[in-house]
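A.B. asks: what follows is a predicted structure for the sequence shown.
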There are 2 protein chains.
Amino acid sequence: MRPDNIFVDLPEKAEQEQFLPLLAAPGLRVERIVSFGQASPPGFWHDQDESEWVILLAGSAGLRFSDREELVTLAPGDYLEIAAHRRHRVEWTDATLPTVWLAVHFRADDA
Amino acid sequence: MRPDNIFVDLPEKAEQEQFLPLLAAPGLRVERIVSFGQASPPGFWHDQDESEWVILLAGSAGLRFSDREELVTLAPGDYLEIAAHRRHRVEWTDATLPTVWLAVHFRADDA
């Protein structure tokens, strides 16, 4: 048996980000996201009902949070937690190779 | 701000596996596990109350499940889900460099 691998079937180039569900359970969703130069549209902020823990596994990206000046640059292995409703946007992702994210969406409380 | 990185502070060598909690929420626990040649003790099988989704991010490992003959060899990027109470053991991990696992422990139902 060969297990699945998160680095296979990466697009060579893509018009849109690619989302692959990896796991779903009550209050939990794990997905692979592959970006290829995509960024959030100008002026757009993600504002999510769920919390997110995300690790960048390949490529690179710049994240901006509405509550801080500084851009957060992500390299492979970098991870962070984004609380629900903390507004953030992807300023840039690597334009030359796929950026692979592993995102864990979860409920931070039992509500 | 520099985000945390999952590949930092890896032991050069270690007597025991190292566990680092990364995230905890109701019914959810994410941890980094670093192995350095460790394996499950002879005859020991993990039998967990929670389900686990695990991805190997560095190094290599061999997993055995009690319900199949074949050893499952894991390379970086390989992931699999281990249902609660599915008996399994780690037959080996890389003896020459750290093996880094990202383990997501979760409840597969609302019970």
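C.D. replies: Sure, I can see it.

A.B. asks: near chain B at all, the strand or helix carrying residue A:90?
C.D. replies: Assigned by DSSP states H and E, residue A:90 belongs to strand A:88-93. No: using Cβ under 8 Å from any Cβ of the partner chain, strand A:88-93 never reaches chain B; the gap is at least 12.6 Å. Where you see a C-beta, it was placed from the backbone N, CA and C, and this is true even at glycine.

A.B. asks: mind listing the strands whichever helix or strand comes after that strand pairs with, and their directions?
C.D. replies: Once the chain leaves strand A:88-93, the next helix or strand it forms, by DSSP H and E, is strand A:99-106. Strand pairing for strand A:99-106, determined by DSSP bridges: strand A:28-35 (antiparallel), strand A:51-58 (antiparallel).

A.B. asks: tell me which of those strands sits most buried.
C.D. replies: Stretch with highest mean neighbour count among these: strand A:51-58 (a mean of 22; mean count of other Cβ atoms under 10 Å in any protein chain shown).

A.B. asks: just the angle between it and strand A:88-93, please?
C.D. replies: Strand A:51-58 and strand A:88-93 are oriented at 10 degrees to each other (axes from the mean of the first three to the mean of the last three Cα atoms, to 10 degrees).

A.B. asks: what pairs with the residue lying closest to residue A:74 once chain neighbours are set aside across the strands?
C.D. replies: Of all residues beyond its chain neighbours, the one nearest residue A:74 is residue A:56 (4.3 Å), with distances taken as Cβ to Cβ, 6 or more residues apart in numbering or on different chains. As for beta bridges, residue A:56 partners with residue A:101 under DSSP bridges.

A.B. asks: okay, now residue A:10: neighbour count?
C.D. replies: Using other Cβ atoms under 10 Å in any protein chain shown, residue A:10 is surrounded by 17 other residues.

A.B. asks: is it part of a helix or strand, or is it coil?
C.D. replies: coil (DSSP: H, G, I helix; E, B strand; the rest coil).

A.B. asks: what sits against it?
C.D. replies: The neighbours of residue A:10, taking Cβ atoms under 8 Å, 6 or more residues apart in numbering or on different chains as the test, are A:34, A:98, A:100.
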